[in-house]
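[1] Sequence first, predicted model second:
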Amino acid sequence: MKIKIALFILLLIVSYSKSYSQISRTPYKGTNIILIQTDESIEKSYENFLQVLADCNFKIKSINKDDWSIETEKKWISGANSSLAILAKVYPDEGKDGALIEITGIVTSSMGMSYFETKVTFNPNMDDSITEAFQTMQSIAVKYPKGKIFYTEE
């Protein structure tokens, strides 16, 4: 029951500050955003997420403390013949002392001499570089200390 209440409150908060079509505790087909709910300040959440990215060997391309955004350099995903860049933004968790970390990703794949970029979207029926990139994003999210993970799409 507590989880349902917390999820409902999170849904209200997130829909107020930013409109997501659906929020779930498990990924579903079409998911392209991973949310981490923290009980820390926006500043502390930002710093902790930067540390998680560093621990996962992602190099930071740019940070912007004015809008609390982070972009990583592309990192090669072994076995997927592609690379992943993480885009993250930290928002205040309205009505609470915590924050929400929004994680998205861009995967770059090669086909012969051609390269293409696409947004990372979860599709359980596919076994490709995008699925592997989504799993990499999930592995980053679960390393955030004491964060609650949710999934949604734009």
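    All right, it came through fine.

[2] Tell me the buried residues in stretch 145-153?
    Under the neighbour-count criterion of 16 or more other C-beta atoms under 10 Å, stretch 145-153 has 147, 148, 149, 150, 151, 152, 153 buried. In short, each C-beta sits where N, CA and C put it, glycine included.

[3] Who are the contact partners of the nearest residue to residue 60 once chain neighbours are set aside?
    Closest residue to residue 60 in three dimensions, ignoring its sequence neighbours and counting by C-beta to C-beta, 6 or more residues apart in numbering: residue 72, at 6.0 Å. For residue 72, the contacting residues are 53, 58, 59, 60, 61, 85, 86, 87, by C-beta atoms under 8 Å, 6 or more residues apart in numbering.

[4] Top of those by number of neighbours, please.
    Neighbour tally across the contacts of residue 72 (other C-beta atoms under 10 Å): the maximum, 25 neighbours, falls on residue 86.

[5] Return the distance of it relative to residue 76.
    The gap separating residue 86 from residue 76 is 13 Å, by C-beta to C-beta, to the nearest Å.

[6] how about the strands in the chain?
    Ranges of strands in the chain, per DSSP state E, are 23-24, 33-38, 60-64, 69-72, 75-77, 82-92, 99-111, 114-119, 148-152.

[7] would you turn those into JSON lines with mean pLDDT?
    Shown next, in JSON lines, are the strands of the chain (pLDDT from 0 to 100):
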{"stretch": "strand 23-24", "mean pLDDT": "76"}
{"stretch": "strand 33-38", "mean pLDDT": "94"}
{"stretch": "strand 60-64", "mean pLDDT": "96"}
{"stretch": "strand 69-72", "mean pLDDT": "97"}
{"stretch": "strand 75-77", "mean pLDDT": "90"}
{"stretch": "strand 82-92", "mean pLDDT": "94"}
{"stretch": "strand 99-111", "mean pLDDT": "89"}
{"stretch": "strand 114-119", "mean pLDDT": "77"}
{"stretch": "strand 148-152", "mean pLDDT": "92"}
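
[8] looking at these, which is buried most?
    Of all the strands of the chain, strand 33-38 carries the top mean neighbour count, a mean of 23, counting by mean count of other C-beta atoms under 10 Å.
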